[in-house]
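In: below: sequence and its predicted model.
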Amino acid sequence: MRTFLAINPPMQLKSDVFLLASKILSELNLTVMAKPVEEKNLHATLRFLGETSPREANRIVDKLKTISFPSFELCFDTLSYFTFQGKPRVVFLQAKSKQFNKLMFAIDQKLKQLCIPLDKKPPVSHITLFRIKEVKNLNSALKILKNTLIKDPFCFKVVSFELMKSVLSPKGPAYEIFEKFDLI
């Protein structure tokens, strides 16, 4: 099964973020072809783990249950994007949070004990809004993305993180919680 670690925001925040994504996509309408992340699937990615056997997933659960970490406030206040070949491909909301980074470090230490290979790139706390399939007008798209300001940050208290499994289908991915890890 495909697995990843994530922080799931409250449903109201997911609704608010989805509305923002829809608004941005309507502005980008003539400049890109994009696929939004479904409202129910919005999450802040911690680590993508990839294909994981049920046995390995249970070992991960046992190890991550030993993490004792305080709950914290997380605010997504910046629109950004990852590029591929100089073009925006993944548009997301970003948060800059020392607590998020400390939680990531705690998780990474546990995963290293299990000899799970980790991405070498530094983590970026983000909620993916949509994926761009085709860029029709790069200059216009970049102008819209760079000039979109987040006036009111999307904030919530992080009280848990989850090991998620992703089930792929022709309709897109469906995410299910495999295990929930409460913060203190």
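Out: Sure thing, it's come through. Residues are numbered from 1 along each chain as shown.
In: report the distance from the helix-or-strand element of the chain with minimal mean pLDDT to the chain centre.
Out: In the chain, no helix or strand scores lower on mean pLDDT, DSSP states H and E than strand 44-51, which sits at a mean of 93. Relative to its chain's centre, strand 44-51 lies at 8 Å (Cα atoms, centre = their mean, to the nearest Å).
In: list the buried residues for that strand?
Out: 44, 45, 46, 47, 49 (16 or more other Cβ atoms under 10 Å). C-beta: built from backbone N, CA, C; applies to glycine.
In: following element in sequence after it, please.
Out: helix 54-64 (DSSP states H and E).
In: helices and strands around that next one, which ones?
Out: Helices and strands touching helix 54-64, by 3 or more Cβ pairs under 8 Å, 6 or more residues apart in numbering; DSSP states H and E, are strand 2-7, helix 98-113, strand 160-167, strand 174-182.
In: most packed of the ones you listed?
Out: Highest mean neighbour count of these: strand 2-7, a mean of 20 (counted as mean count of other Cβ atoms under 10 Å).
In: buried residues in the helix or strand following that strand, which are they?
Out: Next in sequence after strand 2-7, counting helices and strands by DSSP H and E, comes helix 11-27. For helix 11-27, burial by neighbour count (16+ other Cβ under 10 Å) applies to 13, 14, 16, 17, 18, 20, 21, 24, 25.
In: equivalent analysis for stretch 118-125, please.
Out: 123, 125.
In: going forward, begin numbering at 8 instead of 1
Out: Noted, 8 is the first residue going forward, which turns the last one into stretch 125-132.
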